[in-house]
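[1] Below are the sequence and a predicted model for it; my questions follow.
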Amino acid sequence: MINLKLSAAAAVLAMGLSAQAGATVIPLDGFEGVGQDVFQASPTSTVGNRTLSIYNVIQGGSSPVSVMDPYASISTGMDANGTLQIANGSFDDSDVDLTYAINDAEWANLTSLKLNFLGNDNAVPTSSSVTLMIGADTIGTIFLPDQNTPFQIAFDINGVISDQFAAGTTDITFTFSGSPEFDMTLDSIAANVPEPGMIGLFGLGLAGIGLASRRRRKA
């Protein structure tokens, strides 16, 4: 019974100390500073570690938008207010890739990525979405609400791709997909990672659980 109590206490210690340590919010992009535009004549642009690319989706496949495509009028870019605006005025569905090259070991313990929108004006409700890829791994797809008021979406990571960040530069890619005439405004993107002390405290709690388990087996 004593060992069982010790094990439970260690588990509570791990969770309690971790909760107290909290998480660190790392701003990924607030879209301030240098403006950046992509459109049918110039479908890809890179500024710093951020790359924007636009695609027309035709007959189920993706192909880079070119000036030769008379139906392409997709555009995206930063405005003076520090937001990313994505508009599709073409006759086809479209994809916009927003990619960041990350080379920071702190991201190895990434728990979530959050996107803050100012609005999503979609002519066809529930037909726009965001898909997250980290390296070659698809984390998931979230469909966006059709509303002109601020909202937030979050991708749950919980360290499933930590080995990629430990290996060096890793791409984080958000693919915004939508039907013709969708128009969204993205205000910021941020990452959540545990504070350094949180990992150590959690490990201390797990060590206590392991010690209790060994004592129980010897008894």
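    Done, it's in.
[2] Bridge partners for Arg25, pull those for me.
    In this structure residue 25 is Val, not Arg. Following DSSP bridges, Val25 is listed with bridge partners Asn192.
[3] What segments of this structure are strands?
    Using DSSP state E, the strands of the chain run over 23-29, 37-38, 44-47, 50-58, 61-64, 74-78, 84-88, 93-102, 112-121, 129-134, 137-143, 151-156, 170-178, 183-194.
[4] Mean pLDDT lowest where, among these?
    Lowest mean pLDDT within the strands of the chain: strand 61-64, at a mean of 62.
[5] if we can go back for a sec, can you say which of the strands of the chain is packed in most?
    Stretch with highest mean neighbour count among these: strand 84-88 (a mean of 23; mean count of other Cβ atoms under 10 Å). All C-beta spots, glycine's among them, are computed from the backbone N, C-alpha and C.
[6] between that strand and strand 23-29, how many degrees?
    60 degrees (axes from the mean of the first three to the mean of the last three Cα atoms, to 10 degrees).
[7] just checking, what packs against strand 84-88?
    For strand 84-88, the elements it packs on are strand 74-78, strand 93-102, strand 183-194, judged by 3 or more Cβ pairs under 8 Å, 6 or more residues apart in numbering; DSSP states H and E.
[8] let's see 7 Å
    Helices and strands touching strand 84-88, by 3 or more Cβ pairs under 7 Å, 6 or more residues apart in numbering; DSSP states H and E, are strand 74-78, strand 183-194.
[9] Gly30: which of those strands is closest?
    strand 183-194 (4.8 Å; Cβ to Cβ).
[10] I'd guessed Gln152 sits against Leu118; true?
    No - applying Cβ atoms under 7 Å as the test, Gln152 and Leu118 come out as separate, 10.7 Å apart.
[11] Dump the helices and strands packed on strand 84-88 into JSON lines; add distance to Leu144 as well.
    JSON lines is the format used below for these (distance: least, Cβ to Cβ, whole Å):
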{"stretch": "strand 74-78", "distance to Leu144": "15"}
{"stretch": "strand 183-194", "distance to Leu144": "7"}
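[12] To Lys114, which of those strands lies closest?
    Among the helices and strands packed on strand 84-88, strand 183-194 sits nearest to Lys114 (Cβ to Cβ), with 5.3 Å.
[13] which helices and strands sit right next to the closest one?
    strand 23-29, strand 84-88, strand 112-121.
[14] Would you mind extracting the C-alpha trace of that strand into PDB?
    In PDB, the C-alpha atoms belonging to strand 183-194 read as follows (Å, rounded to 0.1, in the frame of the first residue of the first chain):
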ATOM      1  CA  ASP A 183     -11.000  35.400 -49.000                       C
ATOM      2  CA  MET A 184      -9.300  35.000 -45.700                       C
ATOM      3  CA  THR A 185      -7.100  37.200 -43.400                       C
ATOM      4  CA  LEU A 186      -4.500  35.600 -41.100                       C
ATOM      5  CA  ASP A 187      -3.300  37.800 -38.300                       C
ATOM      6  CA  SER A 188      -0.500  35.700 -36.700                       C
ATOM      7  CA  ILE A 189       1.000  32.300 -36.100                       C
ATOM      8  CA  ALA A 190       2.500  31.100 -32.800                       C
ATOM      9  CA  ALA A 191       4.000  27.900 -31.400                       C
ATOM     10  CA  ASN A 192       3.800  26.500 -27.900                       C
ATOM     11  CA  VAL A 193       6.700  24.600 -26.400                       C
ATOM     12  CA  PRO A 194       7.300  23.500 -22.700                       C
END
